[in-house]
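Q: Below are the sequence and a predicted model; questions follow.
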Amino acid sequence: MTELDYIAAIRDNASALVDAAERAGLDAQVPSCPDWVVADLLEHIGTVHRWATACCDRSPSDPFMPSKDAGIEVPVDHGARPAWVREGAGLLADRLAAGSPDDPCWTWAPPQTIGFWRRRQAHETAMHRVDAQLAAGAAEPIDAALAADAIDEQMSLLPNQPWAPEPITGAGETIHLHCTDIEGEWLVRLAPSGLEVERVHAKGDVAARGTASDLLAWQLGRGSLDRLEVFGDEALLMRWREIATF
C-alpha cells in the first residue's frame, strides 16, 4: 500500500470532525450511528483517542484495560466537548509522533507496536469524521490512499477481534472487492477454517467495484450500495457487510 502520513491524517480528520460537529449542533442526530447525537460521537472519539494514548505507554504483555478504567474524564457539559476532542486528538498525535512505529506497546491485535495505533487511529478518526459531516448534512470522501489502506487494515483486523463471539467462517464463498480510483483489490474467502484474504485480481461469487472511499464507507455502514457496481450474489455481499462492519 502507499506510504501514508497517519499522524497528519489524525490531526486533519480530527479538526474536520470537530468543525462538522459544531456546524451540525451537539444535539443533532448522527444518521450513520442512529443511537447517537453529535455530543455522543464527540464523547466516543475523545475517549478513544485518550485510551489509545494510554495504551501507547503500556507493555504488550499487560492485560486488557477498558477505557472506563483509564481515568478518562468526559466533560458533562456538552458545550465543552468540541475543545476536549481537539485537545485529545493533539495529545494522541503528539504521543504517536514521539515514538518510532516499531516501539512495542499494548494493542488488541498484531503488531503490538506504536505503528498499530498510528494506523488504527488514523482510520478511526477518518470514519468518525464522516459521521460528523453526515450529521452536518453531507460527508466529503476519505482520501483514496487512506481509504484503500483502511480496507486493507480491516482485512487484517477482522480475524483478530477480541470481542468477536466466534471465528469468521463459511463454506468457501468468495467476495471480490475492487477499488476503481487507486490500486487495491481483495479476494475474501469465507473458508470453514476461517477468513482467508488474497490481494489479487480474481473472480468471486460476488464482486463490488467503486472508489476506495465508497467501498470503505459501504463496508462500515456509512454508504449506499447504489454507489458501487455489483456483480453476482448480492445476498452474499450483504452478508459480508454484516461480517465486516465493526
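A: Received, thanks.
Q: Quick one: the helices in the chain, in order.
A: Secondary structure of the chain, counting by DSSP state H: helices at 6-24, 38-55, 81-98, 114-136, 144-157, 212-219, 234-244.
Q: any chance of those helices in a markdown table, plus distance to T174 and mean neighbour count?
A: Every C-beta, even on glycine, is put in place using the N, C-alpha and C of the backbone. What follows is the helices of the chain, written out as a markdown table (distance: least, CB to CB, whole Å; neighbours: other CB atoms under 10 Å):
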| stretch | distance to T174 | mean neighbour count |
| --- | --- | --- |
| helix 6-24 | 30 | 21 |
| helix 38-55 | 33 | 22 |
| helix 81-98 | 36 | 19 |
| helix 114-136 | 25 | 23 |
| helix 144-157 | 14 | 21 |
| helix 212-219 | 16 | 25 |
| helix 234-244 | 9 | 16 |
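Q: Compare these and give me the one nearest E196.
A: helix 144-157 (9.9 Å; CB to CB).
Q: Now the closest one: average pLDDT?
A: What helix 144-157 shows for mean pLDDT is 96.
Q: List just the one of the helices of the chain that sits closest to H176.
A: helix 234-244 (9.9 Å).
Q: Format the helices of the chain as TSV; extra columns: distance to F64.
A: What follows is the helices of the chain, written out as TSV (distance: least, CB to CB, whole Å):
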stretch	distance to F64
helix 6-24	23
helix 38-55	10
helix 81-98	19
helix 114-136	15
helix 144-157	16
helix 212-219	26
helix 234-244	23
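Q: So which of those is nearest K203?
A: helix 234-244 (13.5 Å).
Q: for that closest one, packing partners?
A: Secondary-structure packing of helix 234-244 (3 or more CB pairs under 8 Å, 6 or more residues apart in numbering; DSSP states H and E): strand 173-179, strand 206-210, helix 212-219.
Q: let's go with 10 Å and repeat that
A: helix 144-157, strand 173-179, strand 185-191, strand 206-210, helix 212-219, strand 229-232 (3 or more CB pairs under 10 Å, 6 or more residues apart in numbering; DSSP states H and E).
Q: and the second one with helix 234-244, angle?
A: When axes from the mean of the first three to the mean of the last three CA atoms, to 10 degrees is applied, the directions of strand 173-179 and helix 234-244 differ by 80 degrees.
Q: pLDDT (mean, whole number) over strand 173-179?
A: If you average the pLDDT values across strand 173-179, you get 98.
Q: mind listing what it pairs with, with the direction of each?
A: Under the criterion DSSP bridges, strand 173-179 sits next to strand 185-191 (antiparallel), strand 206-210 (parallel) in its sheet.
Q: residue contacts, D77?
A: Contact analysis of D77 by CB atoms under 10 Å, 6 or more residues apart in numbering lists L26, A39, W84.
Q: and the helices and strands packed on helix 234-244 as TSV, adding distance to A70?
A: Formatted as TSV, the helices and strands packed on helix 234-244 follow (distance: least, CB to CB, whole Å):
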stretch	distance to A70
helix 144-157	21
strand 173-179	35
strand 185-191	34
strand 206-210	37
helix 212-219	28
strand 229-232	42
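Q: Alright, calling it a day.
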